[in-house]
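J.: model the structure of this input:
(3 chains)
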Amino acid sequence: MVKELERAGLPVVHVCTVTPISLTVVANTIVPAIAIPHPLGNPALDKTEEKALRRKLVMKALSALQTEVDGQKVFED
Amino acid sequence: MRLELGKINITDIRFAKESKIEQGVLYIDPDYLKPVVLEDEKIRDVVFDIAKPGESVRITPVKDVIEPRVKVEGRGGVFPGWTSKVDTVGSGRTLALKGMAVVTAGKIVGFQEGIIDMTGTGAKYTPFSKTLNLCMVCEPVEGLKQHDYEAAVRKAGFRVAAKIGELARGLEADEICVYETCGIREGIEKYPDLPRVAYVSMLQTQGLLHDTYVYGVDAKQIIPTILSPTEIMDGAVVSGNCVSACDKNPTYIHQNNPVVEDLFAQHGKTLNFVCQIITNENVYLADKERSSNMTAKLCRMLDLDGVVVTQEGFGNPDTDLIMNCKKIEAEGVKTVIVTDEYAGRDGKSQSLADADAAADAVVTGGNANEVVVLPKLDKVIGTLDYVNRIAGASEDTLRPDGTLEVELQVITGATNEMGFGTLSAR
Amino acid sequence: MAKIKVVHYINQFFAGIGGEEKADIAAELHKGEVIGPGMAFNTGFGEEAEIIATIVCGDSYFNENIDAVKAEILGWVRELAPDLFIAGPAFNAGRYGVACGTIAAAVKEELGIKSITGMYVENPGADMYKDKVYILETKDSAAGMRAAVKKMTAFALKYAKDEKIGASCEDGYMNQGVRVNFFEKERGSKRAVDMLIAKLAGKPFTTEYPMPDFDRVEPNPAVKDMAHATIALVTSGGIVPKGNPDHIESSSASKFGEYSIEGVTDLDESTFETAHGGYDPVYANLDADRVLPVDVLRDLEKEGVIGKLHEKYYATVGNGTAVASAKKYGAEIGKRLVADGVDAVILTST
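T.: Okay, the predicted model is just below:
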């Protein structure tokens, strides 16, 4: 799916937990997520902390979208 | 460790006033088993039923399938951590009731339970169309949460299987198979020229409702470890998961692990079967990395020459499978991996979510997306209320004429990734 | 039952006309004639089928005049209206193999007539046409004629009679890149143990699933002006409005959903849930922002970090969904997003 969106001419950032799959299916811009059942959250945290964590991930995704990439890149911390 | 597995062939199951096994017939008094189930206050009621091969019967939604066994000699008891304490099992003598199974079914707990058809097209694909099935349909108490219900039904199944197993205590086995592995030094001395082979068993551990248990421990919390392959024969590993029915490993298949059996068949002849390695398939990437690293390390430290790796489920566990394969091969240990495929209804898609050139020896249990039409059967044990929702079904599954159009995914054990069946694909 | 009518295609050599020096002869139609290997086919068919015509063409002529000769032969075959078309077998003869593949595939695709050919696996015609038409695998030279005819005859009858064609390894045709289920003789675990023993001994073994290649797409230029960009959310985590109005399947999804989040600032338990059957749904059901971060993006929209959160989002279920379907959904979603003037996409997966 990520490839087809890219093919349509849209810059795409893939936020996912299992980055090796994303790399194998050749997504270009990848941001690692928290865990499969809650990629952008962590139920162990309280609501405010959890939202702050989510905001951090989304900001990372947005900054990845503003970065020129050449081939595949995983945006680690 | 050395385990003698005594097989008692069950040729029929009948309801009766008294529970006993006589000349291969299992007589069951439902009132003998009912209190065993209802001792858990989360279960409101249970109904027992019998499904025999060839009958026009459909069992759904199927949760787990279990073979009744009883430990008659040696340490511990069956299903350690559940119906017995956690003593190390896998030695001494165990009796197994062959040709039958306990099937737990009932109101759905997740999306992913299965169908067992005793006749017709579906029967060709499920191994449990060939067993005499004692089915237990459990009703939860009002307001019980999904995962509590899952746990209650799972545990009730083990208690019932153990209780039925007890009926075999004192009986003469029809056949005795002996399974024995060597210690490390002993094996090297005894079989200096044979390749050292282990079995890497990946356990489904994707989270609540998708778990496997080892001696009562949730396997997502384990670090890969080694077992004597005889331990699973006493129920050391049990299923608690709801992944797609076709490629989950019911407890029955752990007890009768086909890779373990087929490696034992070659043990001392073409290879030295060293041990079973168990690992998990977790949802955190770090866990995937750690577990595959540990598994590869164990293979190296055990001085293995080769391993068979089996998977459970599909999707992100394909990555665990490929990581295991890649890292074990990198240690110089040869691998064969067993998986199944999601190649689309037309068979034209990529079969696995992940791939690597190191995976050059693959055995497949077939394409789980293949569509089959199951006939309308006379009797349903459980309910068809959820049949349009289970994984592999769609809102059009139940057709006006009562037939079901489904993917193989819905059929319990259809594309088993331990190689329990003969289905394959090219 | 009437006999199955077969038209047979062969080259100048197997027609007994000559070798390389005759490779430039034009296509000829021999109605009612059975020539060369056709005789063996006819014997093999017994009472069930018969060759009603043989088409002969020089290999060089075919390959040098490919469009014209194809049209001419298709015209004849259309006229003859056989039940089945057989080309070759071509063994390892390169130009003959390409001719057989080309014409057999054209008969199938353009006339809708069942069609087969046979050749050696390394014949260049094999790679070119094995996914378009059934190609039965033969030996590399005409010494394997007898075995090839036997195999092709059996397959031809089965195919013509609409019997179920099994997997490639069962029925002896070259794999068409389509996965076909069948029952093996041995169970999977035994096959795995046998494969491992062979691999350990350095003996040949055949994997049941060769690893695929993945195609690549070049990344698009980065977003220059985020403060004025419209960002869309897409997820394969199955986040849907409560009640799953489109009935997206929990696995092997047959569709994707397009949903409005206009005016929505936070996804909660009462309005959104997940339809995905592959992971523990509890966390996503309690708070779907954990999969689809609408709450945070609304904040960022308000703060001017992004220009706008696109008012529609797209969802499907990745669980067990065939790659080809996912591809189709991706292409369609991409089209709609571009049409709506979206600048970039955040795709979340579970």
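
J.: when you work out contacts or count neighbours from here on, use the C-alpha atoms and nothing else.
T.: Will do.

J.: just checking, C:Gln12 touches C:Glu21?
T.: No. Taking contacts as CA atoms under 8 Å, C:Gln12 lies outside contact range of C:Glu21: 9.8 Å.

J.: so if I had to pick from those two, which one is more boxed in?
T.: C:Gln12 (25 against 12; other CA atoms under 10 Å in any protein chain shown).

J.: so what's that one up against?
T.: By CA atoms under 8 Å, 6 or more residues apart in numbering or on different chains, the contact set of C:Gln12 is C:Gly18, C:Gly19, C:Lys22, C:Ala23, C:Ile25, C:Val56, C:Cys57, C:Gly58, C:Asp59.

J.: if we use 6 Å, what do you get?
T.: C:Gly18, C:Cys57, C:Gly58 (CA atoms under 6 Å, 6 or more residues apart in numbering or on different chains).

J.: which ones among these lie within strands?
T.: C:Cys57 (DSSP state E).

J.: tell me the helix or strand right after the strand or helix carrying C:Tyr61.
T.: Here C:Tyr61 sits within helix C:59-64, counting by DSSP states H and E. Going down the chain from helix C:59-64, the next helix or strand is helix C:66-80, by DSSP H and E.

J.: just the contacts of C:Gln12 now: which is nearest chain B?
T.: If you rank those by distance to chain B using CA to the nearest CA, C:Cys57 comes first, at 34.6 Å.

J.: for the closest residue to that closest one other than its chain neighbours, phi and psi?
T.: Counting by CA to CA, 6 or more residues apart in numbering or on different chains, C:Cys57 lies nearest to C:Ala27, which is 4.2 Å off, once chain neighbours are set aside. Backbone dihedrals for C:Ala27, given as degrees, to the nearest 10, come out at phi -70, psi 140.

J.: and C:Ala27, how far is that from C:Ser60?
T.: With distances taken as CA to CA, to the nearest Å, C:Ala27 is found 11 Å from C:Ser60.

J.: B:Asp401 now?
T.: Counting by CA to CA - B:Asp401 and C:Ser60 are separated by 58 Å.

J.: please say which of those two ends up with more neighbours.
T.: The neighbour count for B:Asp401 versus C:Ser60, taken as other CA under 10 Å, is higher for C:Ser60 (21 against 8).

J.: next one, pLDDT for that one please.
T.: Per-residue pLDDT puts C:Ser60 at 90.

J.: that one contacts C:Asp24, correct?
T.: Yes. If you go by CA atoms under 6 Å, C:Ser60 and C:Asp24 touch, sitting 5.2 Å apart.

J.: quick one: contacts for residue 67?
T.: You didn't pick a chain, so chain A it is. Neighbouring residues of A:Thr67 by CA under 6 Å, 6+ apart: C:Ala222.

J.: surely it forms part of a strand?
T.: No. The assignment for A:Thr67, made by DSSP: H, G, I helix; E, B strand; the rest coil, is coil rather than a strand.

J.: return the distance of it relative to A:Val31.
T.: Taking CA to CA, one finds A:Thr67 at 12 Å from A:Val31.

J.: now for chain A, the helix or strand with the poorest mean pLDDT.
T.: helix A:19-24 (a mean of 77; mean pLDDT, DSSP states H and E).

J.: is any part of that one close to chain C?
T.: No. Using CA under 6 Å from any CA of the partner chain, helix A:19-24 stays clear of chain C, with a minimum separation of 7.4 Å.
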